[in-house]
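Visitor: Sequence first, then the predicted structure, then my questions.
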Amino acid sequence: MNTRRIAIFGATGSIGVNTLDVIEQLGGRDAFEITALTGNANVDALARKAIDHGAKMAVTADETRYAALKEALSGSPVMPAAGESGLSEAAQMNNDMVMAAIVGTAGLKPTLEAARAGADIALANKECLVSAGPLFMDAIAAGGGKMIPVDSEHSAVFQVFEENQRRALERVIITASGGPFRTKSLEEMRHVDAATARAHPNWSMGLKISIDSASMFNKALEMIEAMHLFTLRPDQVEVIVHPQSIIHSMVGYADGSVLAQLGTPDMRTAIGYALAYPGRPALSVERLDFAKLSRLDFEAPDETRFPALRLARVAMDRGRLQGAVLNGAKEVALEAFIAGRCGFLEMADITEKVMDDLSHLPAANGIDDIFAADREARRQAAALVTG
Ligand code: NAD
Ligand code: MG
């Protein structure tokens, strides 16, 4: 078997660590040659992983940590690199595939470069499509690689949707666990803190995405992500609350059929699918036991208690730079919430205000327009944080 050259952007995070685990399960160095691992602040963990997995290069996005990374790699054959130029180098290493698992807008540039260079993109970083959907889809087309979703919902849709059935595709139904506050009232949610919000009932994930799940901003981002990824009209994207997170999402067809992908909530299934595509890998993840499961529940999503879902609709309908604005404003509000400087419900208030104020922005011509909109959204959101 030919080894595939892979770079992992965000190798020290939750998705990155799971990706390294899946690579081992798929045959390790017999199946994959790791060109580069990237991280940010935690250079010791990054260096350890790069050495253990035989990566050619390790990149810290934080230039000030270059010396520390170099020190941690001394005596090993792994090349240290840092900053934007280091990430850019990692994107240009003739990769067959790049796992895009940097959190937030920081993932945009290197992922776009890797796509343009022709790598297949295993996409965990949903912000890429939320902020710059058309640019990314164009970059993939120009580079000639494939975009394979890693977000579990989108992986589910990808697994049951075939392009030759597109004419019969009616709708994509994204499932949402509802998060830790699914049954909480607005009044109760007003007073929750970050420690409570980060405790997801089913999935174990990074900090930001866990809190985004509690506010359902994560689902909002996923609606926009799905629209771009599968070229859907906004009204073809539906959300259904499914507390058990067993059905990871569904596709509805013109004959009334609905196809679903089911599994235990373990990101390694989606990661493995992306890494082995178009094959299906053998993975040691927990199997579903339907007798134990006994039932699957569904509820309509509540846009009053979870206004993020309504804001996603607004962003999809308005189009242009509204996705970038939603995401930028939301990230600032989220950071303020984590720091205890804004309330849980204020995150949506701030985001909506900024989206309205910047609704006049035209469509992006290039990545610089995305960053300009993102910066302006962040500036306005920061000014609205009162705490
Ligand atoms: P995480 O916080 O656990 O890890 C983030 C990674 O990005 C780390 O390697 C970190 O070093 C790196 N990073 C952080 N700031 C950076 C910066 N400024 N520049 C470059 N690198 C930086 O996050 P995660 O949960 O692994 O999520 C990664 C992405 O995958 C996010 O976009 C998230 O929405 C998406 N995602 C995650 C899950 C999940 O289960 N964790 C599921 C679906 C989608
Ligand atoms: Mg998801």
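Guide: Thanks, I have it. Ligands and ions are numbered 1, 2, ... in the order given.

Visitor: quick one: low-confidence ranges for the stretch 51-200 of the chain?
Guide: By pLDDT under 70, the stretch 51-200 of the chain contains no weakly predicted segment.

Visitor: Please enumerate the helices of it.
Guide: Using DSSP state H, counting those that start in this stretch, the helices found in the stretch 51-200 of the chain span residues 66-73, 83-91, 108-116, 127-143, 152-160, 186-189, 194-197.

Visitor: How about the stretch 251-387 of the chain?
Guide: Going by DSSP H, counting those that start in this stretch, the stretch 251-387 of the chain shows helices at 267-276, 290-293, 307-318, 322-338, 346-357, 367-384.

Visitor: tell me the contacts of residue 229?
Guide: 123, 129, 133, 137, 147, 149, 154, 158 (Cβ atoms under 8 Å, 6 or more residues apart in numbering). The way it works is simple: take the backbone N, C-alpha and C, and place the C-beta from them, glycine included.

Visitor: quick one: the fourth one from residue 147, how far?
Guide: Right, the one you point to is residue 137. Separation of residue 137 from residue 147 (Cβ to Cβ, to the nearest Å): 7 Å.

Visitor: now the helices of the stretch 251-387 of the chain as a markdown table including mean neighbour count, distance to ligand 1 and mean pLDDT?
Guide: Output for the helices of the stretch 251-387 of the chain, formatted as a markdown table (neighbours: other Cβ atoms under 10 Å; distance: least, Cβ to the nearest ligand atom, whole Å; pLDDT from 0 to 100):
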| stretch | mean neighbour count | distance to ligand 1 | mean pLDDT |
| --- | --- | --- | --- |
| helix 267-276 | 24 | 4 | 98 |
| helix 290-293 | 8 | 21 | 92 |
| helix 307-318 | 20 | 14 | 98 |
| helix 322-338 | 26 | 10 | 97 |
| helix 346-357 | 20 | 16 | 98 |
| helix 367-384 | 18 | 13 | 98 |
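
Visitor: For ligand 2, what's the nearest residue on the stretch 51-200 of the chain?
Guide: Of the residues in the stretch 51-200 of the chain, the one nearest ligand 2 is residue 151, at a distance of 4.2 Å by Cβ to the ion.

Visitor: In space, what's closest to that residue - neighbours in sequence excluded?
Guide: Using Cβ to Cβ, 6 or more residues apart in numbering and skipping the chain neighbours, the partner closest in space to residue 151 is residue 126 (5.6 Å).

Visitor: if I pick that neighbour, what's in contact with it?
Guide: Residues near residue 126 by Cβ under 8 Å, 6+ apart: 151, 221, 222, 225.

Visitor: buried stuff in stretch 104-123?
Guide: 104-117, 119-123 (16 or more other Cβ atoms under 10 Å).

Visitor: Tell me the residues on the chain that lie near ligand 1, please.
Guide: On the criterion Cβ under 6 Å from any ligand atom, ligand 1 has as its neighbours in the chain the residues 10-16, 39-40, 61, 101-103, 106, 124-127, 151, 203, 205-206, 209, 267.

Visitor: and the one residue in the stretch 201-350 of the chain that gets nearest to ligand 1, how many residues sit next to it?
Guide: Ligand 1 sits closest to residue 206 of the stretch 201-350 of the chain, with a gap of 2.5 Å, by Cβ to the nearest ligand atom. Using other Cβ atoms under 10 Å, residue 206 is surrounded by 17 other residues.

Visitor: wait, doesn't it sit right on residue 16?
Guide: No. Between residue 206 and residue 16 there is no contact under Cβ atoms under 8 Å: 9.7 Å.

Visitor: Now do the domain split for this protein, please.
Guide: 4-149, 156-265+293-318 (automatic domain parsing).

Visitor: now for the longest one, what's the gap between its first and last residues?
Guide: Put plainly, it is domain 4-149. End-to-end span of domain 4-149 (Cα to Cα, to the nearest Å): 18 Å.

Visitor: Can it be said to contact ligand 2?
Guide: No. If you take Cβ under 5 Å from the ion as the test, domain 4-149 misses ligand 2, and the best it gets is 7.4 Å.

Visitor: Distance from the chain centre to that domain, please.
Guide: 14 Å (Cα atoms, centre = their mean, to the nearest Å).

Visitor: same check, this time on stretch 297-312
Guide: 20 Å.

Visitor: Next: stretch 265-272.
Guide: For stretch 265-272, the distance to the chain centre is 13 Å (Cα atoms, centre = their mean).

Visitor: Could I have the CA atoms of that stretch written out in CSV?
Guide: Output of stretch 265-272 as CSV, limited to C-alpha atoms (Å, rounded to 0.1, in the frame of the first residue of the first chain):
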residue,chain,number,x,y,z
PRO,A,265,-20.7,9.7,19.8
ASP,A,266,-17.0,9.3,19.0
MET,A,267,-15.2,11.7,16.6
ARG,A,268,-12.8,8.9,15.5
THR,A,269,-15.5,7.5,13.3
ALA,A,270,-15.8,10.7,11.2
ILE,A,271,-12.0,11.2,11.3
GLY,A,272,-11.4,7.6,10.1
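
Visitor: Give me the buried positions along stretch 178-186.
Guide: Buried, per 16+ other Cβ under 10 Å, within stretch 178-186: 178, 179, 180, 181, 182, 184.

Visitor: and that stretch, does that touch ligand 2?
Guide: No. Residues of stretch 178-186 contacting ligand 2 under Cβ under 5 Å from the ion: none, with a closest distance of 11.6 Å.

Visitor: Counting neighbours, go ahead and name the busier of residue 137 and residue 147.
Guide: Of the pair residue 137 and residue 147, residue 147 is the one with more neighbours under other Cβ under 10 Å, namely 24 against 16.
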